[in-house]
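Trainee: Below are the sequence and a predicted model; questions follow.
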Amino acid sequence: MYKKLTLLSLLAFSLNLSAFESTKQFKSVDLDFVLANTAKANKFAFSFPEMNLLDQRNQITQLHELFDKDQNVVFAFFFTHCVSVCTTVTLSLKSIQPDLPENTQIVMISIDPENDTPDILNNYANMHKIKNPNWHLLTGSNKQIIDLQKNFEAYRGNKMNHSTSLFVKRSNSTEIIEIKSNFSVIPQLFNTASKS
């Protein structure tokens with residue numbers, strides 16, 4: 001059973017890495033095309049609550065300010081001890097970061113706050129060589145994290161069965177775009193917005 005899970009994880013990781021290589025193939029296409037060709041992208045409006053979380057530097061982060069309307073943000077739910085998709089999501093974010101607009105905030109919200117203390121998040125950041133100040137690995141109370149997941153329909157009741165989506169918020173927009181696969185299209189979402 002363990003071997004099958006490991007093989008499936010490696011296969012998913014390989015598929016995502018091959019998708020990254022095609023990131024620059026999107027030149028000048030409209031948002032509808034990108035979304036139509038991204039497996040099951042959802043769009044919805046959302047206002048972030050006034051909620052204080054702790055980051056990997058043990059600094060208080062005000063969530064509503066981080067997701068201010070003037071910021072570009074890409075975010076995900078994860079946990080540091082995940083042995084499969086969370087590493088893939090982290091590598092996905094690192095892979096697309098150079099193609100994102102300057103100062104795009106990258107936010108990873110732990111769904112295992114009991115274990116993912118700021119020190120653990122800092123160790124995870126160091127392990128993945130995450131040094132950019134625009135990266136925010138966040139933790140909070142169990143209730144805060146569950147409420148956030150529920151707001152994005154990402155709560156599964158069990159961290160082992162969590163959502164693997166990436167969520168995008170473009171500057172001057174309250175719209176959230178959920179990308180469930182083919183994360184390599186995310187830079188194009190920002191490029192399309194800046195041209196319109």
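Mentor: Received, thanks.
Trainee: For this structure, which segments count as helices?
Mentor: Using DSSP state H, the helices of the chain run over 2-20, 31-36, 63-66, 85-96, 118-127, 142-151, 186-195.
Trainee: For the fifth one, name the packing helices and strands.
Mentor: Under the contact criterion of 3 or more CB pairs under 8 Å, 6 or more residues apart in numbering; DSSP states H and E, the helices and strands touching helix 118-127 comprise strand 135-138. Backbone N, C-alpha and C define where each C-beta goes, glycine included.
Trainee: what's the strand it packs on in contact with?
Mentor: With contacts defined as CB atoms under 8 Å, 6 or more residues apart in numbering, strand 135-138 is touched by 53-56, 61, 63, 66, 105-110, 121-122, 124-125, 130.
Trainee: what does stretch 57-75 give?
Mentor: Under the contact criterion CB under 8 Å, 6+ apart, stretch 57-75 has outside partners 47-55, 93, 96, 100-101, 103-109, 118-119, 122, 136, 138, 166-174, 186, 190.
Trainee: ends of that stretch, how far apart?
Mentor: In stretch 57-75, first residue to last residue: 18 Å (CA to CA, to the nearest Å).
Trainee: Next, the buried residues of that stretch.
Mentor: Buried residues in stretch 57-75, counting neighbours by 16 or more other CB atoms under 10 Å, are found at 61, 63, 66-67, 71-75.
Trainee: Could you pull up the mean pLDDT of it?
Mentor: Mean pLDDT, stretch 57-75: 90.
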